[in-house]
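Q: Okay, predicted coordinates and the sequence, questions at the end:
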Amino acid sequence: ERACQQWLLDRLDCGEVACRIMLLHLKANATDQIPDLVRHYGATNVSLIKHQLETGQLPFDEWEAEMEAARREEEEPDGDTTMQDVPSGEPAPSPEVKYASQLTQLQDMGFGDKEKNLLALIETGGSVENAITRLLADG
């Protein structure tokens, strides 16, 4: 249980840092330059992880699957295994594209700060309801 909690805390840290990096790219108007690994962790539902940690409802199946994948990586001979967790193929869409409809909803509800709205959506995995809660709490 303790290992699973630590795994969640690590994912939470990565998700929060990735959100900050993505926001910096947004402010610099450079969303096309966001690294894939940052996009991967930026898709982390930070609110869900916080809820799981607070309630003790730990995702043991997900944790065990990731630990098994890590064990298999260690057993593989030499090959490049440094980016195994990063999805391959097409890069993930920018947060502005991914959450376009949610951004429109928030703006239609009177939340006019696009950057704050986007950060709230990134942090909540696209949940408009949770983003509103976060925006109201932040003032």
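A: Cool, the structure landed.

Q: ok, and the helix or strand in this structure with the lowest average confidence?
A: Within the chain, no helix or strand scores below helix 36-42, which has a mean of 78 by mean pLDDT, DSSP states H and E.

Q: mind saving the C-alpha coords of that one as CSV?
A: In CSV, the C-alpha atoms belonging to helix 36-42 read as follows (Å, rounded to 0.1, in the frame of the first residue of the first chain):
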residue,chain,number,x,y,z
ASP,A,36,5.8,14.5,-25.7
LEU,A,37,6.7,13.4,-22.1
VAL,A,38,5.3,16.7,-20.8
ARG,A,39,2.1,16.2,-22.7
HIS,A,40,1.9,12.6,-21.4
TYR,A,41,2.2,13.7,-17.7
GLY,A,42,0.1,16.9,-18.4
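
Q: what about that helix, distance to the chain center?
A: 7 Å (C-alpha atoms, centre = their mean, to the nearest Å).

Q: how far is the helix or strand just after that helix from where the chain is centred?
A: Next along the chain after helix 36-42, taking DSSP states H and E as the criterion, comes helix 46-55. Helix 46-55 sits 13 Å away from the centroid of its parent chain (C-alpha atoms, centre = their mean).
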